[in-house]
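**Q** the following comprises the amino acid sequence and a computationally predicted model.
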Protein chains: 2
Amino acid sequence: MRKVTTVNVNGLRAAAKKGYVEWLAATEADVVCLQEVRAESHQLTDAVRDPEGWHAFYAPSAAKGRAGVALLTRQEPEAVRVGFGTEEFEESGRYVEADLPGLTVASLYLPSGEVGTERQDEKERFMKAFLPYLCDLRERSAAGGREVLVCGDWNIAHQEADLKNWRGNRKSSGFLPEERAWLSRVLDASEGGYMDVVRGLHPEVEGPYSWWSYRGRAFDNDTGWRIDYHMATPGLASRAVKAYVERAATHDQRWSDHAPVSAVFDH
Amino acid sequence: MRKVTTVNVNGLRAAAKKGYVEWLAATEADVVCLQEVRAESHQLTDAVRDPEGWHAFYAPSAAKGRAGVALLTRQEPEAVRVGFGTEEFEESGRYVEADLPGLTVASLYLPSGEVGTERQDEKERFMKAFLPYLCDLRERSAAGGREVLVCGDWNIAHQEADLKNWRGNRKSSGFLPEERAWLSRVLDASEGGYMDVVRGLHPEVEGPYSWWSYRGRAFDNDTGWRIDYHMATPGLASRAVKAYVERAATHDQRWSDHAPVSAVFDH
DNA sequence: CGTAGTAGG
DNA sequence: CCTATTACG
């Protein structure tokens, strides 16, 4: 495993018609993590559901047309698991993980919230349940000799450098103080203990953003958010040699409001 | 008034983006009758709602996004009336009429039905209430020295020549014996007393069809129905010199599942 | 197979 | 603004 890419496709059926298929055919990634598949497997064409040369695993949501994550791996995994053990989210299409030799890799779609609504409460319940799981996962994997990489749409920008208009979004879901504090705990060596691979390799830059609203000229003006992360255990993070947002993948013809984010690892 | 065109636009907002605007700008009609506007006036752009050179009158449905008829006239009408006096259908967006010198012209969208459903019952209630109105209208207009022309989507094919696959549709709403019999009463000299202008000028042809399903290759194969009619009082019908379906108007780029139907009158 | 509606993001 | 749903045609 050298390269892992994560991308929120915002509806795999729509994305497949607009450029996702060509992008996947051209990628050199060994693992691709998808979020917002927004389809049941039988609604996908065979070629999209099971692309040539990949093993594909889907965790759809029980709610039709919502959420849905997937993992594509070149190598056949030793095991695949859906959900993280919290009843409320088991069939929410938000988490799938696979064991590869020396690595557990996961595709995560953390709920998006809206301040003052039940959806924000749901996001917070997810966060509360998911952090202990991340700790368990890290410990369990360490015992099994595996590094961990949790990729996906975390729906939180961590620091001011992670979104263009941070001042205007201090009261917006996705940049609330409690959400940012939660991500800090994920990254805290004494708690979650994960590393933000992209930020680790690019500590001083604005962004790079991975999501731009479809409204207005957000993409053209690069008015974006960095909410898609590769969160890695330190041993794996130390092997990261390259990490970048494939902004150009959706430049000519946008096939999602997110761009793919990739990380390349040494040996 | 020389030329009157009727067209079911199947959503004026969608049609306006796909070719309706250009078609209207090029037409030489003096009156245009629209059905299935499927929008409230404020949802239309100014140029679409009030096209240059026309007087426009809308009768939207109380149900958002449904039905809706309109009349466009080059000349300012002496009067415009919405509905035909039957409570159930007053705000259903199915009937508007206007008085022009020597003529009352109407835009009608008769409900489409589906056998065995409440929608078929509604269609039948509409038919039952509308026939007496047509008789009243004819008599009232005659007393006022006006001819009558009721144009629109009647949602009934009258005879076998009025749809491609009449055998297969004998139990389909739109070609049921009772619907065909009702149209015969509209045309019966001793009852409705109206004339089918297009059929009057083209007694021996199949069609010409004015609606083709979007499903399959119906348009390319001309598997259509003739359900859009100009129904005229005899004095006006006798002045018809030309009547045709503008199939080519939606040939390159279809902007509705119906094509405009036009009739040209002498003096 | 389209156009609407509405929910979600 | 975009992708889904569902209702209607």
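**A** Looks like it arrived, so ask away. Residues are numbered from 1 along each chain as shown, chains lettered A, B, ... in the order given.
**Q** most proximal residue of the stretch 51-200 of chain A with respect to DNA strand D?
**A** Of all residues in the stretch 51-200 of chain A, A:G65 sits closest to DNA strand D, at 2.8 Å by CB to the nearest atom of the strand. Bear in mind the C-beta positions are built from the backbone N, C-alpha and C, glycine included.
**Q** neighbours of the residue of chain A found nearest DNA strand D, how many?
**A** Scanning chain A for proximity to DNA strand D using CB to the nearest atom of the strand identifies A:G11 as nearest, at 2.0 Å. One way to gauge burial is a neighbour count; for A:G11, by other CB atoms under 10 Å in any protein chain shown, it gives 20.
**Q** would you pull up the residue in the stretch 1-150 of chain A closest to DNA strand C?
**A** Among the residues of the stretch 1-150 of chain A, A:S112 lies closest to DNA strand C, at 3.7 Å counting by CB to the nearest atom of the strand.
**Q** so is that residue in a helix, a strand, or just coil?
**A** Each residue gets one of three states, and A:S112 gets coil by DSSP: H, G, I helix; E, B strand; the rest coil.
**Q** same question for the one 3 residues further on.
**A** Following three-state DSSP, the label given to A:V115 is coil.
**Q** need the contact list for it.
**A** By CB atoms under 8 Å, 6 or more residues apart in numbering or on different chains, the contact list for A:V115 reads A:K171, A:S172, A:S173, A:L176.
**Q** over to A:D136?
**A** Applying CB under 8 Å, 6+ apart, no residues contact A:D136.
**Q** assign a three-state SS to it, would you?
**A** Of the three states, A:D136 takes helix according to three-state DSSP.
**Q** can you check the pLDDT for it?
**A** The score at A:D136 is 97. That number is its pLDDT.
**Q** one more: the one 4 residues further on?
**A** A:R140 is assigned 96 on the pLDDT scale.
**Q** what's around it, how many residues?
**A** By the measure other CB under 10 Å, the count of residues near A:R140 is 12.
**Q** try the one 5 residues further on
**A** Using other CB under 10 Å as the criterion, A:G145 is surrounded by 9 other residues.
**Q** now do the contacts for the residue of the stretch 1-150 of chain A closest to DNA strand C.
**A** Here A:S112 is in contact with A:R119, A:K123, A:N155, A:S173, A:G174 (CB under 8 Å, 6+ apart).
**Q** the residues you listed: which ones sit near DNA strand D?
**A** The subset of these within reach of DNA strand D, by CB under 7 Å from any atom of the strand, is empty.
**Q** quick one, which of those has the minimum pLDDT?
**A** The pLDDT minimum for those sits at A:R119, where the score is 93.
**Q** and that residue, what is it in contact with?
**A** A:P111, A:S112, A:G113.
**Q** how about a cut-off of 7 Å?
**A** A:P111, A:G113 (CB atoms under 7 Å, 6 or more residues apart in numbering or on different chains).
**Q** element containing it, please.
**A** Assigned by DSSP states H and E, A:R119 falls within helix A:118-143.
**Q** tell me the first helix or strand C-terminal of that helix.
**A** By DSSP H and E, the next helix or strand past helix A:118-143 is strand A:147-153.
**Q** adjacent strands (with direction) for that following strand?
**A** strand A:103-109 (parallel), strand A:228-232 (antiparallel) (DSSP bridges).
**Q** pull out the buried residues from that strand.
**A** By neighbour count on 16 or more other CB atoms under 10 Å in any protein chain shown, the buried set for strand A:147-153 is A:E147, A:V148, A:L149, A:V150, A:C151, A:G152, A:D153.
**Q** just stretch A:157-173 next, same as before
**A** Burial within stretch A:157-173, assessed by neighbour count using 16+ other CB under 10 Å, is assigned to A:A157, A:H158, A:A161, A:D162, A:L163, A:K164, A:W166, A:N169, A:S172, A:S173.
**Q** with secondary structure added, can I get those residues in TSV?
**A** Output for the buried residues of stretch A:157-173, formatted as TSV (three-state DSSP):
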residue	secondary structure
A:A157	coil
A:H158	coil
A:A161	helix
A:D162	helix
A:L163	strand
A:K164	coil
A:W166	coil
A:N169	helix
A:S172	coil
A:S173	coil
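**Q** from these, which is closest to DNA strand C?
**A** A:S173 (9.2 Å).
**Q** do I have it right that that closest one meets A:Q120?
**A** Yes. Using CB atoms under 7 Å, A:S173 and A:Q120 qualify as a contacting pair, with a distance of 5.7 Å.
**Q** any common contacting residues for the two?
**A** Once CB under 7 Å, 6+ apart is applied, the residues that A:S173 and A:Q120 both contact turn out to be A:G113, A:E114.
**Q** now do the nearest residue to A:E91 once chain neighbours are set aside against A:A14, distance only.
**A** The shortest distance from A:E91 to any non-neighbouring residue, by CB to CB, 6 or more residues apart in numbering or on different chains, is to A:A62 (4.1 Å). Here A:A62 is placed at a distance of 21 Å from A:A14 (CB to CB, to the nearest Å).
**Q** looking at those two, which is more packed in?
**A** Neighbours around A:A62 and A:A14, counted as other CB under 10 Å, are more numerous at A:A14. The numbers are 14 against 10.
**Q** so which of the strands paired with strand A:147-153 gets nearest B:H202?
**A** Evaluated over the strands paired with strand A:147-153, closeness to B:H202 peaks at strand A:103-109, with 60.2 Å, by CB to CB.
**Q** what about the residue positioned nearest the centre of chain A, distance to A:R180?
**A** In chain A, the C-alpha nearest the mean C-alpha coordinate belongs to A:G152, at 0.5 Å (CA atoms, centre = their mean). In this structure, A:G152 lies at 18 Å from A:R180, with CB to CB as the measure.
**Q** re the thing from before, tell me how many other residues crowd the residue of the stretch 51-200 of chain A closest to DNA strand D.
**A** When counting by other CB under 10 Å, one arrives at 13 neighbours for A:G65.
**Q** how much space between it and A:E40?
**A** For A:G65, the distance to A:E40 under the criterion CB to CB works out to 9 Å.
**Q** tell me the contacts of A:S213?
**A** Shown here is A:S213, whose contacts under the criterion CB under 7 Å, 6+ apart are A:D257.
**Q** next one: A:K3
**A** Contacts of A:K3 (CB under 7 Å, 6+ apart): A:E28, A:A29, A:D30, A:S262, A:V264.
**Q** could you rerun that using 10 Å?
**A** A:T27, A:E28, A:A29, A:D30, A:V31, A:V32, A:R74, A:K242, A:S262, A:A263, A:V264, A:F265 (CB atoms under 10 Å, 6 or more residues apart in numbering or on different chains).
**Q** buried subset of those residues, written for ChimeraX?
**A** Under the burial definition 16+ other CB under 10 Å, those of the contacts of A:K3 that qualify are selected in ChimeraX by:
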select /A:27,29,30,31,32,262,263,264,265
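**Q** with secondary structure and pLDDT added, can I get the contacts of A:K3 in TSV?
**A** Formatted as TSV, the entries for these read as follows, by DSSP: H, G, I helix; E, B strand; the rest coil; pLDDT from 0 to 100:
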residue	secondary structure	pLDDT
A:T27	coil	97
A:E28	coil	97
A:A29	coil	98
A:D30	coil	98
A:V31	strand	98
A:V32	strand	98
A:R74	coil	98
A:K242	strand	98
A:S262	strand	98
A:A263	strand	98
A:V264	strand	98
A:F265	strand	98
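**Q** right, I'll leave it there.
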